[in-house]
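Peer 1: no sequence on hand, only this structure:
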């Protein structure tokens, strides 16, 4: 380690600390802030982003990056990630960054008003501007990194993964789906209809129970908070992680499973390597990796037969009423229901990837210039028909449903399904490594799983690229096989309750 | 307005925006943050302070300050305040600022542990270091500003007010107190003992009531939050102000009056001139001015006979039980009780200034080098004996009770009593301007008072220095007469219930 590298560590630590401040203010904006604070908050976040960006592109940063040397796997990886961050930050002219921020913010605002009215025409010109700037950004990043334009955008969210990695995995899933979906529906129809637990389910009880469940999953409230927001998320910093959910007294499933989902994200942040805190190599390994950690807790562990058989009596003790709906098998029928729907965030495990595949294909075409913004609604309808055999009745339930594109996030969507598939592949490896895993989950014990994840994923930070992380943890790069096997076991086998 | 001034406005706006971010994180640290987040938060605040300081002392800032011209009272005052801020920031060498931050933080930590054990010996060496650095700071600020060393510290908290302004006011009060305190005690003893309302007083009810009272006082929750913290305070920013209090089911007085106190601070922030938001001239006019706004709401308005007669039935409706303790006259006896005590924050209106006068004299002597840190406990005991005729049984109830010195705040204490006196003088002027003021308070209506404050104080920001602000609002600079007249009416008149 030479002086230049040592200075770089200080610089990046300072940048990360400014970003921590911004992360906390972002959490506050969603979970605490009164509406009248919005304008000032926007300014605060913009100034902090400008300060962090200014530190990253400072002239002496480039000198130190050129002169730095590092020894050992961690510091070598760290230096490479510093160079990557600098290369990406300097690739984009300040005017493009500013124009993008303005266009995204303006489009998102229009979208918020237009979505309830299903008014794509109102959004269209604004989204055209967003897409046009994203294409410029993609071109600039492509020139700086040597990646293809769309890959350069994907690389923002999940470093090291491009369309060529995703294409065969999604293709395999698409052909699986054509057969699996009708079969899952048929099996589901042959089973008893799920019984609904009788409410109301007081929010105070849900809040205490949600906290207890997240604690069982390993979240330490000396370093965490659980609050409420319109859209549940995990924010904050590794030593002070903030998760949110949304409660309604009419039901509890969404809130409890949502808390477990965000707990998965939070455990990842909490488990990042402390020795490299505030260094690029100490960060999470990308959005697909992050989603794998939320989904392994929510989908793989918490919706498993074993865990539901433990959870049922806990829920019944909390809410009272008739016991039958709280039987593990009934909770499975309730919370693993397959249904072809229009809305991605409400989709089940089998159909969810179809929503992502649709968006992945469309956004590739938009960035390539092969699809015009005005043609999105038509292409959306065709895609949904082909993938799920349904056609959205309007754009609110079609191309206007997600914030992502309207806020300038292109290349993000694949992370959801890569995360779901990685979660299945990691769970498969964990089950092999830990024969008592399901027995522990059957006692409400996440300990063995989370300990394994800590060593296999969390503690590794960004030391390994995504595929190397999967190789190290599971013995092979990501593919769709474990996910399809998981779905076969859960949805396509007549014996399962 | 020339280009240099226009650039300065942008620079100062950016600095203020960074400071807003820090203010929000400070609020979070006290009201929301889990304990494990403390270390990272300290780093975040230090980095933001460094960023803001770096912007202020940047070389091109000095160039613009030299070249700038401004026209009109507001911009002229703004430019003068910019120059003041720059002069003060550049007066202190970076090493002194850092050493001070480290010494303050270390001493405060030791003090937190030593206070419960009343262990002054443990604190002494650390406080010596703090005082030594404060003396250096005072000397450097004195050299840059032409003020005396202690005045230069006072100027940090209440610009434009020095020891020579305070001395005659405090001297007048001291001779008033010698006669007034025994007389107030005698009158109090001749009255019926106050009846205590019967609890418990559920926290949920207090929370709702506290919010309603602050709304009545004019706080708009589109731009505010009310939360809980160990030490109540008002934080946040003018468009997103955050007040806190502390509840206990055993009593409600402290929480309700505390909320009204912080509401006074919050109304000041909310009423600052929007046209000069994030500019020095748009800020509050100092700590004494700020305290005058909290105390005019809490002490002058909320503890007035008129308001208590309205408040009593409201409280009774909220908490139920026997009505007699909720009579306005009884609430007055409960909440305006005079008692010679050791603890400043628990002191009544009459004895509070004695606590401040003691600290003012001692900290002047410490900064002048006329009092050694080791001799503080003895000097404290003598001072309390002379001022209030009592001697603290230990240092926990003596010189270790306040955080201020142990955190490096010298020159702050006078603001409390200047604020109390300014509140009385402003209330006197408001009563003259608004003959219906007390009638309105008797109907729980703060409207006339707050509207008057908005025009007379809030909207003026830092356009006027403290004494000019008092002149503009009340016709004369601050003196002790209105405060003494207020105390005579409330505590020294036999007729008052």
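Peer 2: Structure received. Being a predicted model, the structure only gives us computed values, none of them experimental.
Peer 1: quick check: beta-bridge partners of whatever residue of the stretch 101-250 of chain A ends up closest to chain B?
Peer 2: Ranked by C-beta to the nearest C-beta, the top residue of the stretch 101-250 of chain A for proximity to chain B is residue A:240, at 3.0 Å. Where you see a C-beta, it was placed from the backbone N, CA and C, and this is true even at glycine. Beta-bridge pairing of residue A:240 under DSSP bridges involves residue A:237.
Peer 1: and what of the one 5 residues further on?
Peer 2: In this structure, residue A:245 has beta-bridge partners residue A:228, where bridges are defined by DSSP bridges.
Peer 1: surely it meets residue A:260?
Peer 2: No: Residue A:245 is beyond contact range of residue A:260, at 9.6 Å (criterion: C-beta atoms under 8 Å).
Peer 1: on that earlier part again, quick check: the gap between the residue of the stretch 101-250 of chain A closest to chain B and residue A:210.
Peer 2: The gap separating residue A:240 from residue A:210 is 19 Å, by C-beta to C-beta, to the nearest Å.
Peer 1: now do residue A:177
Peer 2: Applying C-beta to C-beta to residue A:177 and residue A:210 gives a distance of 33 Å.
Peer 1: so those two - more neighbours on which side?
Peer 2: Comparing residue A:177 with residue A:210 by neighbour count (other C-beta atoms under 10 Å in any protein chain shown), the higher total belongs to residue A:210, at 24 against 20.
Peer 1: burial count for the closest residue to that one other than its chain neighbours?
Peer 2: Nearest residue to residue A:210, sequence neighbours excluded (C-beta to C-beta, 6 or more residues apart in numbering or on different chains): residue A:259, at 4.1 Å. For residue A:259, the tally of surrounding residues (other C-beta under 10 Å) stands at 30.
Peer 1: I figured residue A:259 hits residue A:226, correct?
Peer 2: Yes: under the criterion of C-beta under 8 Å, residue A:259 makes contact with residue A:226 at 6.8 Å.
Peer 1: which residues do these two both contact?
Peer 2: With contacts defined as C-beta atoms under 8 Å, 6 or more residues apart in numbering or on different chains, the residues shared by residue A:259 and residue A:226 are A:210-211, A:214, A:243, A:245.
Peer 1: need the residues you listed in CSV with pLDDT, secondary structure and distance to residue A:417, can you?
Peer 2: Shown next, in CSV, are those (pLDDT from 0 to 100; DSSP: H, G, I helix; E, B strand; the rest coil; distance: C-beta to C-beta, whole Å):
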residue, pLDDT, secondary structure, distance to residue A:417
A:210, 98, helix, 26
A:211, 98, helix, 30
A:214, 98, helix, 25
A:243, 98, strand, 22
A:245, 97, strand, 23
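Peer 1: out of these, who's the most crowded?
Peer 2: The most neighbours of any of the shared contacts of residue A:259 and residue A:226, using other C-beta under 10 Å, belong to residue A:243, which has 29 neighbours.
Peer 1: for it, give me its contacts.
Peer 2: Counting by C-beta under 8 Å, 6+ apart, residue A:243 makes contact with A:214, A:219, A:224-227, A:232-235, A:259, A:262-263, A:265-266.
Peer 1: how near is it to residue A:229?
Peer 2: Counting by C-beta to C-beta, the gap from residue A:243 to residue A:229 is 10 Å.
Peer 1: what does residue A:323 give?
Peer 2: 33 Å.
Peer 1: distance between the ends of stretch A:66-77?
Peer 2: 15 Å (C-alpha to C-alpha, to the nearest Å).
Peer 1: and it, which residues are buried?
Peer 2: Buried residues in stretch A:66-77, counted by 16 or more other C-beta atoms under 10 Å in any protein chain shown: A:68, A:70, A:74-75, A:77.
Peer 1: ditto for stretch A:141-149
Peer 2: For stretch A:141-149, a neighbour-count test (16+ other C-beta under 10 Å) marks A:141-142, A:147-149 as buried.
Peer 1: pLDDT score for residue A:94?
Peer 2: We have a pLDDT of 87 for residue A:94.
Peer 1: could you check how far it is from chain B?
Peer 2: Residue A:94 is 15 Å from chain B, where distance means C-beta to the nearest C-beta, to the nearest Å.
Peer 1: could you give the number of residues near that residue?
Peer 2: 11.
Peer 1: quick one, phi psi at the one residue in the stretch 1-150 of chain A that gets nearest to chain B?
Peer 2: For the stretch 1-150 of chain A, the residue closest to chain B is residue A:37, as judged by C-beta to the nearest C-beta, at 3.0 Å. Residue A:37 adopts backbone torsions of phi -90, psi 0, taken as degrees, to the nearest 10.
Peer 1: give the contact list for it.
Peer 2: A:29, B:223, B:236-237, B:239-240.
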